[in-house]
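**Q** Dropping the sequence and predicted coords here.
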Amino acid sequence: MFLRYLPCYLLLFLSVLNSLSAQVSSPVDSIGTDSMRLETEDERDRPLGDTTTVYYYYLNEGVLTHIDTALSGFEYPKHEWRSTSTVYTDLGHLGTALSPLLWQAKPNAGFRSGLDNFSPYRLKLDDIPYFSIGGKRPYTDLYYSQINMKNVLLRARFAHQATPYFYYSLHYGLLNYNGYFEGNRSRHQDIGLNLRYSKSKYSAYFTFINNANNQSENGGLQSTALSLINNLFLANEPVNLNTQTDGTPKHENRHQTICYRQFWYNAKIDSASGKNNARSAVGHQLLFENNRYKYFDKNPADDSSFYANFQTNNRGIRHFMLHQVLENELSFQQALGGTLEQAPIVVRAFLSHRWNRVFQEPDRFYVNNFAVGAELYDRLNGPLSYRADLKAMNSRLGIDFWLRGKMNLKIKDFLALGGNMIFQRYEPEQTARRLYVSQALIWDNSNMLKQTQELSLNANIAWPRFWGSFEFGNHTITKPIYFDSTATARQMPGTANIIQLRLKQDVHLWKFHLENDVVWQRILSGKAVYRLPELIFRHSLYFESKVFKTVKLRTGVNFRYMSSYSANAYYPILANFNLQNEQLLSFQPVADIFVSVKIWQLRFFVNAENLTYYLNGWQNYYTAPNYATANWFVRLGASWQLFD
């Protein structure tokens, strides 16, 4: 009986305890952490406390993975629903726009709005997991963390294989953070519904997702506050924008996705086990997206010095874009030497048409993107794995394309070799081509911009038995788009080149562990456009042990540091980052002390963050120009997996 109500007791305890520390709490997560640690697979593969085993897969990958119930990195909320190797910096607290500290290429092709800096806080189609639960039992995954009652992060997922043919899942997420400085508030909310029907030779997937992203802006601290802050009452610090009680200036973005995917196989699906022995399949996808981006400031006359050339109407600042997408895709898959679930070679080819309906106030237009592509990959889960894909699409500047490939070779537990590459060419985003503010044209670069070309090469070597890895990356970007010191879109005429080295090495001595992640990156060319820290250090020293038969404890300190650099400034209208030369960000070491506990399916943590605030003379520092961290705070959280 007690275990049934334990989650309620725990959440009540967290709320009461955290309310006592509300006066010294603030919603800051200056450097987004990821699952960087070299996780040993024995804990992930171990069944949960009641012997139920839970797997999941993503439809675009199809590889079964155990759910993560480990304590590694659990004390930090993730920016995304899926882990990433990218390290981010934000604007002083979780929920604000993110800027990557490590350059990383991502595939681009066709029309793109250029207004997606809040995208990491959205639930997206490829982020929906499909769970496989032992015994076909209903499964619930809950996560909750808070700094105080106004700064909470909640994620909930429920999945159930209701019948041998029908599966459904529900997904909900809420991020609500009030910044320590005046007028800087974030509220991101999402909900998803997912249905799957599989019978005989047919499978169908229906997904509905709704995202609401709200971000109130204060323009950062005024120039008089550019030195290190020494103030216990940060809400009194003057900010650049005239913040109002109604929450303006503000971003209000809304995103809806409806997708129906279906597959016809050449063999029946086993309804009891779900095993698919088909060698080929024909697929069809119908996708609709509705993306609305809106920024407004009802009192721009008070902020004329901040908006400068973007203030085209003293009665109000408004930037609005509606981007609707209707996409049809037809695909064919063929396994060579096996089935679609287990074969040394699987080939997939597809054709698609993407219709873009755009209202960039006051301009209305349509863009049609036709694409063709192919994929080649294995489904053996053996020591050698590979995947390659090619996509070509027409654009307004010619043919956009990307070619990607990755390969990994594991030699038992001693050595693992891998590499990946991406070569692509794509048209600039719409906001770089043309921009209106309050229906007045700010710039029109449509006849001047060229396609951007990127080539990224990465190689890595790992020694899993001794908990280490080394990565090398080389990135060249030709004709990249950037925003200058006046926040105006420009295109660099030449080529930028960035190299990266990353070393991860863990040390384990009895029950003590030291995890290390060191990054060095150098901008060989293009320093006038790209601003990145040269050194990034992240370390974790902790003690981990079982204290009872079913209780695992981890406690220690996390440490992070970056070298100084002239970081890009944030400009609210487009929620993007532009060049600046006025403020050199000097970073101090940041240390957090945490305690994490795992009891069967339950995990909970207490994390005291930014404790070096006291060692640095009660001073704050900046994560982005004009945007500072807050004082130290305590974050509490819990995660619980439930069945039936």
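**A** In hand now; what should we look at?

**Q** count of neighbours near residue 547?
**A** Using other CB atoms under 10 Å, residue 547 has 9 neighbouring residues. Using the backbone N, CA and C atoms, a C-beta is placed for each residue, glycine as well.

**Q** Next: residue 637.
**A** 23.

**Q** do the same with the one 5 residues further on
**A** Residue crowding around residue 642 was assessed by other CB under 10 Å; the count is 15.

**Q** Just give the closest residue to it, not the sequence neighbours.
**A** The spatial neighbour of residue 642 that comes closest, neighbours along the chain excluded (CB to CB, 6 or more residues apart in numbering), is residue 140 at 4.1 Å.

**Q** what's the distance between whichever strand or helix holds the one you found and the middle of its chain?
**A** In this assignment (DSSP states H and E), residue 140 forms part of strand 139-148. Its chain's C-alpha centre and that of strand 139-148 lie 18 Å apart, by CA atoms, centre = their mean, to the nearest Å.

**Q** pLDDT of it, averaged?
**A** Across strand 139-148, pLDDT averages out at 93.

**Q** what do you get for stretch 255-267?
**A** 97.

**Q** neighbouring contacts of that stretch?
**A** Stretch 255-267 has contacts (CB atoms under 8 Å, 6 or more residues apart in numbering) with 59, 122, 124-125, 201-211, 213, 276-292, 339-340.

**Q** Using PDB, list the CA coordinates for it.
**A** The C-alpha coordinates for stretch 255-267 follow below in PDB (Å, rounded to 0.1, in the frame of the first residue of the first chain):
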ATOM      1  CA  HIS A 255       3.100  24.200 -33.800                       C
ATOM      2  CA  GLN A 256       0.700  21.400 -34.800                       C
ATOM      3  CA  THR A 257       1.700  18.100 -36.600                       C
ATOM      4  CA  ILE A 258      -0.600  15.500 -38.000                       C
ATOM      5  CA  CYS A 259       1.000  12.500 -39.600                       C
ATOM      6  CA  TYR A 260      -0.400   9.200 -41.000                       C
ATOM      7  CA  ARG A 261       2.200   6.500 -42.000                       C
ATOM      8  CA  GLN A 262       1.300   3.100 -43.400                       C
ATOM      9  CA  PHE A 263       3.200   0.100 -44.700                       C
ATOM     10  CA  TRP A 264       2.300  -2.900 -46.800                       C
ATOM     11  CA  TYR A 265       4.600  -6.000 -46.200                       C
ATOM     12  CA  ASN A 266       5.100  -9.100 -48.400                       C
ATOM     13  CA  ALA A 267       4.600 -11.400 -45.300                       C
END
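
**Q** Show me what counts as buried in it.
**A** For stretch 255-267, a neighbour-count test (16 or more other CB atoms under 10 Å) marks 255, 257, 258, 259, 261, 263, 265 as buried.

**Q** Tell me the bridge partners for the third one.
**A** Just to be clear, that refers to residue 258. In this structure, residue 258 bridges to residue 208, residue 288 when assessed by DSSP bridges.

**Q** what separates it from residue 124, distance-wise?
**A** 13 Å (CB to CB, to the nearest Å).

**Q** And for residue 623?
**A** To residue 124, residue 623 is 25 Å away according to CB to CB.

**Q** just residue 260 next, same as before
**A** Residue 260 sits 16 Å away from residue 124, going by CB to CB.

**Q** does the closest residue to residue 145 other than its chain neighbours belong to a helix or a strand, and which?
**A** Of all residues not flanking residue 145 in the chain, residue 637 sits nearest, at 2.9 Å (CB to CB, 6+ apart). Using DSSP H and E, residue 637 sits within strand 633-643.

**Q** Check the offset of that strand from the chain's centre.
**A** 20 Å.

**Q** Parallel or antiparallel, list what pairs with that strand.
**A** Using DSSP bridges, strand 633-643 pairs in its sheet with strand 139-148 (antiparallel), strand 602-609 (antiparallel).

**Q** Show me which positions of the longest one end up buried.
**A** Neighbour-count burial for strand 139-148, counted by 16+ other CB under 10 Å, picks out 139, 140, 141, 142, 143, 144, 145, 146, 147, 148.

**Q** now do stretch 292-302
**A** Residues 292, 293, 294, 295, 296, 297, 298, 299, 300 are the ones in stretch 292-302 that count as buried (16+ other CB under 10 Å).

**Q** I would like the residues contacting it, please.
**A** The contact list for stretch 292-302 (CB under 8 Å, 6+ apart) reads 113, 115, 241-242, 244, 246, 248-255, 303, 307, 311, 313-323, 572-575.

**Q** Now do the contacts for the nearest residue to residue 627 once chain neighbours are set aside.
**A** For residue 627, ignoring the flanking residues on the chain, the nearest one in space by CB to CB, 6+ apart is residue 91 at 4.2 Å. Contact analysis of residue 91 by CB under 8 Å, 6+ apart lists 97, 184, 220, 570, 623, 624, 627.

**Q** for residue 91, helix, strand, or coil?
**A** Assigned by DSSP: H, G, I helix; E, B strand; the rest coil, the conformation of residue 91 is coil.

**Q** Tell me who's in contact with residue 196.
**A** 130, 166, 167, 168, 203, 204, 205, 206.
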